[in-house]
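Engineer: Take this sequence and fold it.
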Amino acid sequence: MEILGDTTIEQCLQSSLLDYLTKTKTETMTSVRRNILQTAIFLFGKETTDGFGFVYSKNKDVAVQQKRFLIFSYLFLDALKKNSISDKAIAIHNGLWSQHLQHLANCGNEKTVKRYIRILEDKEEIVFNIKRLQRKLKSVGMEEKKLKFRCRKSNMFEKIGMGLKKLF
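Structural biologist: This is a model prediction of the structure:
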């Protein structure tokens with residue numbers, strides 16, 4: 001999907017998301033952390049990427065849903081940067097995410113869907129994964145086009161470490 005010359009919506013969303021994540025602290029994204037992590041999972045997840053970056057589904061209906069999610073995520077992030085995000089936009093974003101999860105379940109990835117739901121329902125896990133993504137961005141740098149990131153549950157020691165960081 002072409003936007004400006006050789007720049008695609010995927011690349012625009014990726015650079016916008018990476019820019020937002022590198023400049024914003026997790027404390028200031030309180031109401032939209034879940035949506036940010038949903039977008040990161042969708043854009044960098046192993047279900048929608050290969051060695052060269054984002055790949056659309058071969059099923060035309062699913063590809064249309066993916067394009068909608070990408071375009072709306074870009075608009076969502078743009079509104080978020082301008083501090084003009086609304087509850088309706090958050091609801092639409094969550095609805096598009098639900099369609100993506102439905103597609104994954106239809107493709108036989110029920111285990112992945114359950115993992116995403118479990119992680120996205122726990123506020124501590126959302127923060128943990130966003131901080132992991134931010135650390136990965138700092139270590140990899142903005143030059144790398146293909147960021148490999150896998151959303152996961154934190155272990156006991158990481159939870160204790162995050163708790164201690166809040167205290168000191």
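
Engineer: C-alpha from now on. contacts and neighbour counts both.
Structural biologist: OK.

Engineer: can you map out the strands along the chain?
Structural biologist: 2-4, 7-8, 49-50, 53-54 (DSSP state E).

Engineer: comparing those, which gets the lowest mean pLDDT score?
Structural biologist: Note on the strands of the chain: lowest mean pLDDT is at strand 2-4, with a mean of 47.

Engineer: Quick check: longest helix in this protein by residues?
Structural biologist: The longest helix of the chain (DSSP state H) is helix 60-81.

Engineer: can you give me the offset of it from its chain's centre?
Structural biologist: With C-alpha atoms, centre = their mean, to the nearest Å as the basis, helix 60-81 stands 11 Å off its chain's centre.

Engineer: Ok, stretch 75-94 next?
Structural biologist: Relative to the chain's own centre, stretch 75-94 is displaced by 14 Å; criterion: C-alpha atoms, centre = their mean.

Engineer: May I have the beta-bridge partners of residue 53?
Structural biologist: Residue 53 has these beta-bridge partners by DSSP bridges: residue 50.

Engineer: who's in contact with the residue nearest the centre of the chain?
Structural biologist: The centroid of the chain falls nearest to residue 40 when counting by C-alpha atoms, centre = their mean (1.7 Å). The neighbours of residue 40, taking C-alpha atoms under 8 Å, 6 or more residues apart in numbering as the test, are residue 17.

Engineer: how near is it to residue 29?
Structural biologist: Distance, residue 40 to residue 29, using C-alpha to C-alpha, to the nearest Å: 14 Å.

Engineer: Can you report how many residues lie near the closest residue in space to residue 12 that isn't next to it in sequence?
Structural biologist: Of all residues not flanking residue 12 in the chain, residue 74 sits nearest, at 7.5 Å (C-alpha to C-alpha, 6 or more residues apart in numbering). Using other C-alpha atoms under 10 Å, residue 74 is surrounded by 20 other residues.
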